[in-house]
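K.L.:
take a look and give me a structure for this.
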Amino acid sequence: MSTYPDLSSLDINTATDGLLSQIFSVREGERKTWELSIPEPTESIELLDGSWALVWGDGPPVLLAHGFEGRYSQFAKVIEATRNSGFKLVGLEMPGHGRSHALRADPLSFSNAIQAACSEFGAFHTMIGHSQGANAVLHASVKGVVSSRIVLLAPLVSVESHLRRACALVKLSAEGTELFLRKITELVGVPPSDFEGHVMGATLNMRTLIVHDCRDKEVPISEAETLANEMSLARLHISDGLGHRRLLADLDTVNQVVSLMNET
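P.N.:
Okay, here's the model as predicted:
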C-alpha cells in the first residue's frame with residue numbers, strides 16, 4: 001500500500017474493510033538503473049506454492065528474497081558479485097509479485113514461498129532477505145528451513161508495528177485499529193504477533209548480518225538494533241543516507257554480504 005487516504009470519517013467496519021482490501025495489494029514500480037544489469041537466469045522454476053524461482057550458477061544454494069513491492073532484480077549487484085563464485089543463486093518472485101499466482105502478498109505467504117523453495121532446492125547455504133523478505137527469512141527459519149547463515153537487509157522486524165503505523169496514517173481510531181488487526185488475523189490465518197522478528201531471532205543460532213540505514217523512512221533503525229541485540233551471533237552494520245532500498249545497490253553492503261557468504 002503506497003498511498004494513505006483519510007478514513008476517519010467512515011464507520012470502523014467500512015474503514016477497516018477498505019484498508020484490509022489494500023494493505024497487501026502490490027503496485028509494480030519501475031526498475032532502477034542499477035537493476036538493469038542483472039544477468040539472465042539459467043533456469044526458471046514454478047514452486048509448489050505458485051511462486052517462482054530464478055536460478056543463476058551452480059553449487060550450494062543461496063536464497064534471495066525481495067520485499068513487499070520489490071523484485072528479484074533488486075539483488076542485481078549481489079548476483080553480479082557472486083554468480084561465478086561457486087553458488088547457486090535462487091531469486092524468488094514472491095506471492096503477489098511477478099508471475100506468482102497469489103492475489104495477496106501477506107507475511108505468511110512470503111514465508112511459505114521460502115519453505116517451498118527449500119522443498120525444491122534443499123537446505124540453503126545462505127538466505128538473504130530485504131524488508132518483508134527479511135522477516136520471511138526469519139519466520140521460515142523458525143519453521144524449519146535450514147541455512148548456515150542469514151543476511152537481513154533493512155529488515156521489517158515488527159509486522160504488527162508496521163500495521164499499526166499504517167492504521168495511524170489513515171487515521172483509524174484505537175478501536176478501529178484493534179478491529180483491523182483482528183481482521184488481518186482472520187484473513188491471513190495467524191496473528192501479526194507470529195512475525196515479531198526480535199522474538200523469532202532470539203530462537204535462532206546462526207551467523208547473521210543485519211544491514212540497516214539510519215535514515216530509513218520505512219522501517220525504523222531501532223527495530224534492527226533491537227533485533228541485533230536479541231540474536232547471539234548477529235552483526236549490525238549501519239549505513240547513512242542509503243534509505244530503505246538503495247542499500248541493495250551499495251558496494252559496501254554487497255561486499256559485506258559476499259564476505260559472510262565466503263566465511264568458513
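
K.L.:
please enumerate the helices of the chain.
P.N.:
Along the chain, counting by DSSP state H, helices occupy 12-23, 76-82, 107-121, 132-142, 159-169, 174-188, 197-202, 221-230, 251-262.

K.L.:
run through who's touching the first one.
P.N.:
Translated: helix 12-23. Residues outside helix 12-23 that contact it (C-beta atoms under 8 Å, 6 or more residues apart in numbering): 1, 7-8, 10, 163, 166-167, 170, 172-173, 175-176, 179-180, 183-184, 187. C-beta coordinates here come from the backbone N, C-alpha and C atoms, glycine included.

K.L.:
tell me the angle it makes with helix 159-169.
P.N.:
120 degrees (axes from the mean of the first three to the mean of the last three C-alpha atoms, to 10 degrees).

K.L.:
could you list the buried residues of stretch 195-210?
P.N.:
Under the neighbour-count criterion of 16 or more other C-beta atoms under 10 Å, stretch 195-210 has 195-201, 204, 206-210 buried.

K.L.:
what's the end-to-end length of it?
P.N.:
Terminal residues of stretch 195-210 are spaced 17 Å apart (C-alpha to C-alpha, to the nearest Å).

K.L.:
need the mean per-residue confidence for that stretch.
P.N.:
Averaged across stretch 195-210, pLDDT comes to 95.

K.L.:
list only buried entries from the contacts of helix 12-23.
P.N.:
Taking 16+ other C-beta under 10 Å as the criterion, what is buried in the contacts of helix 12-23 is 1, 7, 10, 163, 166-167, 170, 172, 176, 179-180, 183-184.

K.L.:
return the item of those having minimum pLDDT.
P.N.:
Lowest pLDDT within these is found at residue 1 (47).

K.L.:
can I get the buried residues of stretch 195-210 in a markdown table including distance to residue 114?
P.N.:
Output for those, formatted as a markdown table (distance: C-beta to C-beta, whole Å):
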| residue | distance to residue 114 |
| --- | --- |
| 195 | 13 |
| 196 | 18 |
| 197 | 15 |
| 198 | 19 |
| 199 | 18 |
| 200 | 13 |
| 201 | 16 |
| 204 | 14 |
| 206 | 15 |
| 207 | 18 |
| 208 | 16 |
| 209 | 18 |
| 210 | 18 |
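
K.L.:
in contact with the nearest residue to residue 250 once chain neighbours are set aside, which residues are there?
P.N.:
Using C-beta to C-beta, 6 or more residues apart in numbering and skipping residues adjacent in sequence, the residue nearest residue 250 is residue 242, 5.5 Å away. Contacts for residue 242 (C-beta under 8 Å, 6+ apart) come out as 213, 215, 250, 253.

K.L.:
which two among these are spaced furthest apart?
P.N.:
Longest distance between any two of those is 14.4 Å, between 215 and 253; criterion C-beta to C-beta.

K.L.:
neighbour count: the two, which is higher?
P.N.:
Under the neighbour definition other C-beta atoms under 10 Å, residue 215 and residue 253 were set side by side, and residue 253 has more, 23 against 12.

K.L.:
quick one: low-confidence ranges for the stretch 151-264 of the chain?
P.N.:
Regions of the stretch 151-264 of the chain meeting the criterion pLDDT under 70 are absent.

K.L.:
how about a cut-off of 90?
P.N.:
264 (pLDDT under 90).

K.L.:
what does the pLDDT read for the residue most central in space within the chain?
P.N.:
What sits nearest the mean C-alpha location of the chain, by C-alpha atoms, centre = their mean, is residue 133, with 1.4 Å. Residue 133 is assigned 97 on the pLDDT scale.

K.L.:
contacting residues around it?
P.N.:
65-67, 70, 92, 94, 110.

K.L.:
and these as JSON lines, adding pLDDT, neighbour count and distance to residue 79?
P.N.:
As requested, the contacts of residue 133 are exported to JSON lines (pLDDT from 0 to 100; neighbours: other C-beta atoms under 10 Å; distance: C-beta to C-beta, whole Å):
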{"residue": "65", "pLDDT": "98", "neighbour count": "30", "distance to residue 79": "13"}
{"residue": "66", "pLDDT": "97", "neighbour count": "28", "distance to residue 79": "12"}
{"residue": "67", "pLDDT": "95", "neighbour count": "28", "distance to residue 79": "16"}
{"residue": "70", "pLDDT": "94", "neighbour count": "22", "distance to residue 79": "14"}
{"residue": "92", "pLDDT": "97", "neighbour count": "28", "distance to residue 79": "13"}
{"residue": "94", "pLDDT": "95", "neighbour count": "29", "distance to residue 79": "17"}
{"residue": "110", "pLDDT": "96", "neighbour count": "32", "distance to residue 79": "20"}
